[in-house]
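*Asks:* Generate coordinates for the sequence data below:
(chains A and B)
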Protein chains: 2
Amino acid sequence: MSYGLEETSSNKVFHGTLKKYSFTSAALGGLKANFNLFLPVNADTEHKVPLLVYLAGLTCTEDNGAQKGGFFGAASSEGIAILFPDTSPRGAGIEGEDADWDFGTGAGFYLNATNPEFAKNYNMLTHVTTELPAVLEQSGQPIDLSRQSIFGHSMGGHGALTLYLGSKTKQYRSASAFAPISNPSQAPWGHKAFSGYLEGGIDEGKANYDATEMIAKTKESVHILIDYGTGDNFYKAGQLLPENFLKAARDAGHDEVQVRVRSQEGYDHSYYFISTFASDHVHFHANFLKA
Amino acid sequence: MSYGLEETSSNKVFHGTLKKYSFTSAALGGLKANFNLFLPVNADTEHKVPLLVYLAGLTCTEDNGAQKGGFFGAASSEGIAILFPDTSPRGAGIEGEDADWDFGTGAGFYLNATNPEFAKNYNMLTHVTTELPAVLEQSGQPIDLSRQSIFGHSMGGHGALTLYLGSKTKQYRSASAFAPISNPSQAPWGHKAFSGYLEGGIDEGKANYDATEMIAKTKESVHILIDYGTGDNFYKAGQLLPENFLKAARDAGHDEVQVRVRSQEGYDHSYYFISTFASDHVHFHANFLKA
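*Replies:* Sure thing, here's the model as predicted:
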């Protein structure tokens, strides 16, 4: 199929190129979708580079991580591409979609909706895992899709962990997250998302889209890095619950080489926190992407 | 005098702290003014750190450089504070102040207005060079004001160069700029600013606020670094004219140790360009701030 891919901007950054594209997304019900793609300077069709996917948090777009994440210095030196999807469909026209900042537009939660009202458009899981790789492939990007890893922030950290752990095809070699929503079936944001998007509500979310539930059932060796800040108000409010994820991982036999969860004293939920540990995360993934 | 300094936000970043403050600015005619201040983790009253002042470009606020500049990694490792002033007074209520993006609000041009309509509020030169250091001093910030350098982007690059070259007290040890408006008396942005803010118009601007005119008359040794991108549409449109500055510097006997102007292939005017060379600039200033 043709996606009608259109390049809408291009910026040189850290010797590589960041381009924004727009296309017609079947996964999102035929709506226009945007993404940003960073290619390091060494990428070309003779030398395909690995791909790191960055999933942003609530209210964000494909631009926040690109503008404020501070990922490009490390990605340039490692020779890794970064894909920045949007966080939800835009303009589906569903009633109440724009009423709250933590549901609907900007808050797609990286799942496939089963509630009939949302099921046509809110399929960010398929968009990220299947559709965007196909778009990159079809448009001839110099990317080796057999080498992918994934990371994200907050809701996007939830997305990174669940897409990594949920992939039966082992699509991603490693996952990392900044302040992820780690146990959404036990947190208000998760309750709201699961109740709204899923016909089976919180139970369906708990069964399919909860990283803590998933790591508890994962037997295979994993490569996961998580950072969160002790000054993060959403952490304090019980929205993130990284300790639950850590406990479930250790109980399931994943040691600190497989699952490392770092508590960062005094850091908050902002991109200032992310940028501080941005290079750490890129280099972490490079260990696996370039292995 | 009391400035009524108020801390309005605080974020930990790269082991240091970024705080936003608001105060009543006499230089800006009694309006509220904001600034951001980054302090590296090693700063305390027993160990005062040097200060690097970052002046942002047209339409920006005190936030753009902090959020997108990518300066904090290098500033943290060098142990240097960074001050981010706003780019103009806000809410002066002067007719036409908000009509254009390149004049008035967000476009103070780092001069002291002499046109009576603007003279009460548009005094960004005094705000940056005198008032903000006094605010930092009075509030007991752990900063050694005898060690200051200055840099900026576009209009803020113009500001950095002119404040550095214009300081009779040698307030700044070094200056650098990303894509500076280098010869404003020959460029449309400069014509608009000088005609609007200055009673003597372009002639007054050329005499007092044009970096190319100033370097031509500077006998003392200087420390200046400039980067601009060959893909910058404002460069192509003749708004920046860095070659004029370079020629004037060489004609006045400033060699490439004193004045280095680097043409960066393919980069544009955005913060993606700035972030690429951010560390270079911070390390450049560290040579002089820590000498």
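*Asks:* pLDDT at the residue nearest to A:Ala237 when sequence neighbours are not counted, what is it?
*Replies:* The spatially closest residue to A:Ala237, leaving aside those adjacent along the chain, is A:Pro188, at 7.9 Å (CB to CB, 6 or more residues apart in numbering or on different chains). For every residue, glycine as well, the C-beta is placed using N, CA and C. Looking at A:Pro188, its pLDDT stands at 98.
*Asks:* What separation do you get for A:Pro188 and chain B?
*Replies:* Distance from A:Pro188 to chain B, counting by CB to the nearest CB, to the nearest Å: 24 Å.
*Asks:* do the same with A:His281
*Replies:* Using CB to the nearest CB, A:His281 is found at 14 Å from chain B.
*Asks:* give me the element that residue is part of.
*Replies:* helix A:271-289 (DSSP states H and E).
*Asks:* Might one say that the residue nearest to A:Ala237 is in contact with A:Gln239?
*Replies:* Yes - A:Pro188 sits in contact with A:Gln239 when judged by CB atoms under 8 Å, with a separation of 6.4 Å.
*Asks:* about what we covered before: for the helix holding A:His281, list the C-alpha coordinates in PDB.
*Replies:* Taking only C-alpha atoms (Å, rounded to 0.1, in the frame of the first residue of the first chain), the coordinates of helix A:271-289 have been written out as PDB:
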ATOM      1  CA  TYR A 271      12.900  16.700  30.200                       C
ATOM      2  CA  TYR A 272      15.600  18.200  32.400                       C
ATOM      3  CA  PHE A 273      15.700  14.800  34.100                       C
ATOM      4  CA  ILE A 274      15.600  13.000  30.800                       C
ATOM      5  CA  SER A 275      18.400  15.000  29.200                       C
ATOM      6  CA  THR A 276      20.600  14.300  32.200                       C
ATOM      7  CA  PHE A 277      20.500  10.500  31.600                       C
ATOM      8  CA  ALA A 278      19.900  10.600  27.800                       C
ATOM      9  CA  SER A 279      23.400   9.600  26.800                       C
ATOM     10  CA  ASP A 280      23.400   6.800  29.400                       C
ATOM     11  CA  HIS A 281      20.300   5.300  27.800                       C
ATOM     12  CA  VAL A 282      21.500   5.600  24.200                       C
ATOM     13  CA  HIS A 283      24.800   3.900  25.100                       C
ATOM     14  CA  PHE A 284      22.900   1.200  27.000                       C
ATOM     15  CA  HIS A 285      20.900   0.300  23.900                       C
ATOM     16  CA  ALA A 286      24.100   0.600  21.700                       C
ATOM     17  CA  ASN A 287      25.400  -2.400  23.600                       C
ATOM     18  CA  PHE A 288      22.700  -4.600  22.100                       C
ATOM     19  CA  LEU A 289      22.000  -2.800  18.900                       C
END
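*Asks:* still on that earlier bit, A:Pro188 and A:Gln239 - which one has more neighbours?
*Replies:* Per other CB atoms under 10 Å in any protein chain shown, whichever of A:Pro188 and A:Gln239 has more neighbours is A:Gln239, with 24 against 14.
*Asks:* any idea of the pLDDT on that one?
*Replies:* What the model reports for A:Gln239 is a pLDDT of 98.
*Asks:* give me every residue that touches it.
*Replies:* A:Ile181, A:Ala187, A:Pro188, A:Trp189 (CB atoms under 8 Å, 6 or more residues apart in numbering or on different chains).
*Asks:* before we move on, what SS does the nearest residue to A:Glu137 once chain neighbours are set aside have?
*Replies:* Distances taken as CB to CB, 6+ apart place A:Leu145 nearest to A:Glu137, at 6.3 Å, with adjacent residues excluded. Here A:Leu145 is recorded as strand under DSSP: H, G, I helix; E, B strand; the rest coil.
*Asks:* Can you check the pLDDT for A:Leu145?
*Replies:* Reading off the model, A:Leu145 has pLDDT 97.
*Asks:* A:Leu136 is in contact with that one, correct?
*Replies:* Yes - A:Leu145 lies in contact with A:Leu136 (CB under 8 Å); the separation is 7.0 Å.
*Asks:* got the residues of the stretch 1-150 of chain A near chain B?
*Replies:* Neighbours of chain B within the stretch 1-150 of chain A, by CB under 8 Å from any CB of the partner chain: A:Asn11, A:Lys12, A:Val13, A:Phe14, A:His15, A:Leu18, A:Gln67, A:Lys68, A:Gly70, A:Phe72, A:Gly73.
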